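Enquirer: here is the input, now give the coordinates:
(one chain, ligands or ions: 1)
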Amino acid sequence: MTPDWQQPKTAFVYTDELSQYQLSPEHPLRPIRLRYMHELMKASGVLDLNNVDSPAPRIATRKEIETSHDPEYVSIVEAISNGAIAPGMGEFGLGTSDNPVRRGMYDTTALCIGSTLTASELVTSGKAVVAFAPAGGVHHHAMPRNAAGFGVFNDAVIAMKAMVKAGLRVAYIDIDCHHGDGVQMGHYGSDQVLTISIHESGQWLFPGTGYVQEIGVGDGIGYSVNIPLAPYTQDDDWHAMFDKVIPPLVRAFKPDVLFTQLGIDTHFRDPLTHLSLTTQGFNLAVKKLGLLAVDIGKWVAVGGGGYDLSAVARSWTMALATMANYDLPDEAPKSFTLLSNLTNFADVPPAPNEEPYLNDIQNFNSGTLDEIRSMIFPKFGL
Ligand SMILES: [Zn+2]
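Expert: Just a heads-up that it's a prediction; the model follows:
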């Protein structure tokens with residue numbers, strides 16, 4: 001390991017402003033989750049490490065948002081945010097239970113997008129080796145002309161388009177439980193961004209896409225990779241698929257920057273999804289992504305889905321510690337009392353899947369692997 005990576009210069013890009021709103025009173029995405037995470041990080045001492053800085057996020061400009069979104073759609077979001085009534089908003093995916101409208105939504109979204117841009121800029125300029133913007137990533141379903149799946153403006157697309165414009169090739173790895181469809185769409189015709197999404201199959205989960213056959217178009221053919229998994233896949237089987245697909249493809253692509261979306265709605269207690277990862281299974285993935293980042297030299301990380309408050313707080317605290325190359329103790333700090341029953345960072349794992357379900361899961365996943373090996377690997381000489 002080079003000296004850069006023994007104590008990597010780590011930027012944690014966040015402000016509590018990003019946690020202080022609601023999408024709607026009943027909405028499963030509760031931005032307050034980020035405040036619990038932040039308090040757990042503070043109590044754990046990870047923000048006090050010599051190699052960790054906490055720069056404030058900037059706000060994304062309208063011009064930046066319009067690099068990836070239709071100006072008409074951006075105007076509608078801005079108008080609604082300022083209190084206007086927009087009868088045609090349904091056409092833009094707005095005003096649904098997933099994407100309710102509210103005053104100030106443009107501003108909180110622009111700050112969230114800005115946090116991802118700040119992280120990207122710190123890394124691409126060399127001011128940080130790794131930067132984590134946990135409020136980002138959750139917009140990975142947002143499309144050029146519409147909101148979708150809690151996403152309004154797609155921070156990852158906007159940030160990576162700016163990187164490509166600066167001449168950088170980017171590997172995007174999305175480990176959220178849902179397919180990163182908006183990010184895939186944003187770079188579908190490009191060979192400058194390799195998108196890899198490992199997720200619960202769209203057969204069973206929103207957004208119903210993310211099949212291996214979605215391989216890109218034109219120059220982008222082969223640069224859109226999907227790893228759909230069976231529901232109830234647990235740590236070992238998830239990692240078997242990760243290991244067989246992600247490191248070989250990323251190494252063959254030789255990116256300038258690694259960009260990771262670290263959704264933790266894969267967790268076995270997540271209320272919206274059906275994969276069965278533990279926090280330690282998630283953190284092992286972050287460690288493996290970190291090993292890839294060592295070779296690449298630049299690592300931008302964003303958050304994503306995650307609807308179990310304890311899993312979010314613990315996982316992203318573990319992720320930040322992993323990025324900074326710091327070993328957390330097993331026990332969570334006693335001074336953190338915001339969430340009851342949060343005692344250890346690692347989970348007691350759920351009961352293992354029993355036969356014959358385990359066979360069904362492994363057969364489904366090995367079918368995915370066969371398809372990837374025949375449709376994608378030859379493009380990369382694998
Ligand atoms: Zn998700």
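Enquirer: how about the residues of this structure by the ion?
Expert: D176, C177, H178, G263, D265, G305 (C-beta under 5 Å from the ion). Any C-beta I mention is one placed from the backbone N, CA and C, and that applies to glycine too.
Enquirer: so what's the residue count around P255?
Expert: 22 (other C-beta atoms under 10 Å).
Enquirer: that one against M163, yeah?
Expert: No: P255 lies out of contact with M163 (C-beta atoms under 8 Å); the separation is 9.8 Å.
Enquirer: for this protein, just list every one of the helices.
Expert: 3-6, 32-44, 62-65, 71-81, 105-124, 155-165, 181-186, 235-253, 279-296, 309-323, 357-375 (DSSP state H).
Enquirer: format these as a markdown table; extra columns: distance to R145.
Expert: Listed next are those as a markdown table, based on distance: least, C-beta to C-beta, whole Å:
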| stretch | distance to R145 |
| --- | --- |
| helix 3-6 | 41 |
| helix 32-44 | 28 |
| helix 62-65 | 13 |
| helix 71-81 | 5 |
| helix 105-124 | 16 |
| helix 155-165 | 13 |
| helix 181-186 | 11 |
| helix 235-253 | 29 |
| helix 279-296 | 31 |
| helix 309-323 | 30 |
| helix 357-375 | 29 |
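Enquirer: by mean pLDDT, show me the worst of those.
Expert: Note on the helices of the chain: lowest mean pLDDT is at helix 3-6, with a mean of 78.
Enquirer: what residues of it count as buried?
Expert: For helix 3-6, the buried set under the neighbour-count rule, 16 or more other C-beta atoms under 10 Å, comprises W5.
Enquirer: excluding chain neighbours, give the residue nearest to P100 in space.
Expert: S24 (4.3 Å; C-beta to C-beta, 6 or more residues apart in numbering).
Enquirer: surely that neighbour and V101 touch.
Expert: No: the pair S24 / V101 is not scored as a contact, 9.2 Å apart, by C-beta under 8 Å.
Enquirer: got the angle for the lengthiest strand in the chain vs helix 155-165?
Expert: Ranked by residue count under DSSP state E, the longest strand found in the chain is strand 193-200. If you take axes from the mean of the first three to the mean of the last three C-alpha atoms, to 10 degrees, strand 193-200 sits at 160 degrees to helix 155-165.
Enquirer: how far is strand 193-200 from where the chain is centred?
Expert: 10 Å (C-alpha atoms, centre = their mean, to the nearest Å).
Enquirer: list the contacts of K244.
Expert: L369 (C-beta atoms under 8 Å, 6 or more residues apart in numbering).
Enquirer: go again with 10 Å.
Expert: I227, N365, S366, L369, I372, R373, F377 (C-beta atoms under 10 Å, 6 or more residues apart in numbering).
Enquirer: could you check how far the single nearest residue of the stretch 51-200 of the chain relative to the ion is from I246?
Expert: Residue of the stretch 51-200 of the chain nearest the ion, by C-beta to the ion: H178 (3.5 Å). Counting by C-beta to C-beta, to the nearest Å, the gap from H178 to I246 is 17 Å.
Enquirer: please apply the same query to K298.
Expert: Distance from K298 to I246, by C-beta to C-beta: 17 Å.
Enquirer: picking that back up, ok, so of the contacts of K244, who is nearest A110?
Expert: I227 (31.8 Å; C-beta to C-beta).
Enquirer: that older thread, between P255 and M163, which contacts overlap?
Expert: Contacts common to P255 and M163, judged by C-beta under 10 Å, 6+ apart, are R169, V170, Q192, V193, K298.
Enquirer: got a pLDDT number for the second one?
Expert: pLDDT recorded at V170 is 98.
Enquirer: one more: the fourth one?
Expert: We have a pLDDT of 98 for V193.
Enquirer: any idea how far the closest residue to it other than its chain neighbours lies from Y172?
Expert: Leaving out its chain neighbours, the residue that sits closest to V193 by C-beta to C-beta, 6+ apart is H187, at 3.9 Å. To Y172, H187 is 8 Å away according to C-beta to C-beta.
Enquirer: anything in contact with each of those two?
Expert: Taking C-beta under 10 Å, 6+ apart as the contact rule, H187 and Y172 both touch A156, V157, M160, V193, L194, T195, Y223, S224.
Enquirer: format the residues of the chain next to the ion as CSV; extra columns: pLDDT and neighbour count.
Expert: Listed next are these as CSV, based on pLDDT from 0 to 100; neighbours: other C-beta atoms under 10 Å:
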residue, pLDDT, neighbour count
D176, 98, 27
C177, 98, 26
H178, 98, 27
G263, 98, 27
D265, 98, 27
G305, 98, 26
